[in-house]
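J.: coords please:
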Amino acid sequence: MPDTRRLPACAAAILLGTALAVPAAPYGAPTDPDPALVVPVQDRRVTETLDLPTWRLQQVRRRMLRGQRISFDDMRALADLGDGLASWRYANRLMALEDPDLHSAAALYYATAAYTGRDYAVRPLVRLLERRDVNINEARLRHLENALRSWALRGNEVAQEALISFYASGHPFGRHPERAREFRRELALAGDLEAAMALVIEAMSSGEVETRRAELIELLDVVIESEELGMRTTAINLRTMLEAVPDRLADAAETAPVEETEE
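T.: Numbering: from 1, shown residues only. As a prediction, this is how the structure comes out:
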């Protein structure tokens, strides 16, 4: 990104417009922007009107915040600069056109809105990802998946349930059982007590205690540090059992009969 601090306003606007450009679209018929040209929204969120690079866009945003209608192209310009509210409204406008070719773009802008703290964008994003008739390329799918993960780890149940369902079905992110397990572990370590207990019980039931003992103790510690008395008690008991496993195995090895072999 060029340094525009010492440039006249008009020159700065030209340089910034070039750096952040996406393919132009006629009013009412926007194209699906190339994801390679869209700077990651995490790095350029517009939280204040003065974050925008030109006086004109600042005025456009002020009109939008006052509830005044702005043009399709102006709303897209704000959305492409990381404005979450503009992204939300632009995605809704795309969906209102009822053109299936624009649904991939709508998903992208819902994800931008979600990235900038708007949890109400999660549900329409999930609905689009659930559909089988929306074609989304791999690079964009990773972006949308990350948007869902960010909310899932913050406790958003819609995002959590959607990701678990997507990983189980294989649509739209592909079948990744290891990714599903890692995601559930991330949820647990982020404070999801039910996810933590479920992982521990599954491992103990499947005989994976020895290979995953340290991980399971870490998960139980999350529950033990919580304020849920009933779950804490269960977790403490399970942790005691896990810590005793090596001793029990050692005792069993010492007392096991040794078969004598004939020489």
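
J.: those helices in the stretch 101-250 of the chain, which residues are they?
T.: Ranges of helices within the stretch 101-250 of the chain are 103-115, 122-130, 138-152, 157-169, 177-189, 193-205, 209-224, 229-255, based on DSSP state H, counting those that start in this stretch.

J.: what angle do the third one and helix 177-189 make?
T.: With axes from the mean of the first three to the mean of the last three C-alpha atoms, to 10 degrees as the criterion, the two stretches helix 138-152 and helix 177-189 enclose an angle of 30 degrees.

J.: For helix 138-152, C-alpha coordinates in CSV please.
T.: Provided in CSV are the C-alpha atoms of helix 138-152 (Å, rounded to 0.1, in the frame of the first residue of the first chain):
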residue,chain,number,x,y,z
GLU,A,138,-11.6,-22.8,-2.8
ALA,A,139,-9.9,-19.5,-1.8
ARG,A,140,-13.2,-17.9,-1.0
LEU,A,141,-14.4,-21.0,0.9
ARG,A,142,-11.4,-20.7,3.2
HIS,A,143,-12.3,-17.1,3.9
LEU,A,144,-15.9,-18.0,4.7
GLU,A,145,-14.9,-20.9,6.8
ASN,A,146,-12.6,-18.7,8.9
ALA,A,147,-15.4,-16.2,9.4
LEU,A,148,-17.6,-19.0,10.8
ARG,A,149,-14.8,-20.3,13.0
SER,A,150,-14.1,-16.9,14.5
TRP,A,151,-17.8,-16.7,15.6
ALA,A,152,-18.0,-20.4,16.6
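
J.: That helix: how far from the chain's middle?
T.: Relative to its parent chain, helix 138-152 has a centroid offset of 5 Å by C-alpha atoms, centre = their mean, to the nearest Å.
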